[in-house]
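S.K.: A structural model of the following input is requested.
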Amino acid sequence: MFNPYEEIGSCFPFHQRVVLLNVLRIVRSQLKKKNISVVDVYSNYIEMCKEYGIESVYKGNILEALKLIELAGFIELKGGVWITKLDLGPYTVDEWIEAICQSSEFDTFKK
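M.R.: Residues are numbered from 1 along each chain as shown. As a prediction, this is how the structure comes out:
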């Protein structure tokens with residue numbers, strides 16, 4: 001079974017983890033479960049990159065990162081427009097966020 005606390009850093013490069021972090025933050029902010037727009041993920045990613053002084057590598061095309069996250073089995077994309085399913089295993093959204101942010105690369109995000 002996948003353990004995000006032990007394996008997230010080895011599965012995804014930094015910017016894919018930033019994208020996944022944005023998906024998780026959107027999910028956490030939703031009052032009820034609903035589909036997530038790829039456009040929302042992209043705009044949140046760009047905003048986060050600006051806020052933390054990170055160079056965005058997915059300029060105009062975040063779908064590439066989302067498809068790789070989908071291949072790993074954590075999300076399901078529909079038509080390249082919506083994230084319709086999130087599979088976190090037995091872990092909560094907050095546990096996944098914590099697992100991603102435990103890396104020293106994310107020290108800036110913790111402040």
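S.K.: tell me which element the residue nearest in space to the middle of the chain falls in.
M.R.: The centre of the chain sits closest to residue 20, judged by C-alpha atoms, centre = their mean, with a distance of 0.8 Å. Per DSSP states H and E: residue 20 is located in helix 14-29.
S.K.: Which element is encountered next along the chain beyond that helix?
M.R.: Per DSSP H and E, the first helix or strand lying C-terminal to helix 14-29 is strand 36-37.
S.K.: Please list the outside residues in contact with that next one.
M.R.: Contacts of strand 36-37 with the rest of the structure, by C-beta atoms under 8 Å, 6 or more residues apart in numbering, involve 23, 26-27, 81-83. Just so you know, the C-beta spots here come from the backbone N, C-alpha and C atoms, and that holds for glycine as well.
S.K.: Distance from the chain centre to that strand, please.
M.R.: Taking C-alpha atoms, centre = their mean, to the nearest Å, one finds the center of strand 36-37 at 12 Å from the center of the full chain.
S.K.: Direction included, what does that strand pair up with?
M.R.: strand 82-86 (antiparallel) (DSSP bridges).
S.K.: Next, the buried residues of the strand it pairs with.
M.R.: For strand 82-86, a neighbour-count test (16 or more other C-beta atoms under 10 Å) marks 82-83, 86 as buried.
S.K.: where does this protein have low pLDDT?
M.R.: Low-confidence segments of the chain (pLDDT under 70): 1, 110-111.
S.K.: Quick one: the helices in it, in order.
M.R.: Counting by DSSP state H, one finds helices in the chain at the ranges 4-11, 14-29, 38-52, 63-71, 93-101.
S.K.: For residue 26, give its distance to residue 76.
M.R.: Remark: distance between residue 26 and residue 76 (C-beta to C-beta, to the nearest Å) = 15 Å.
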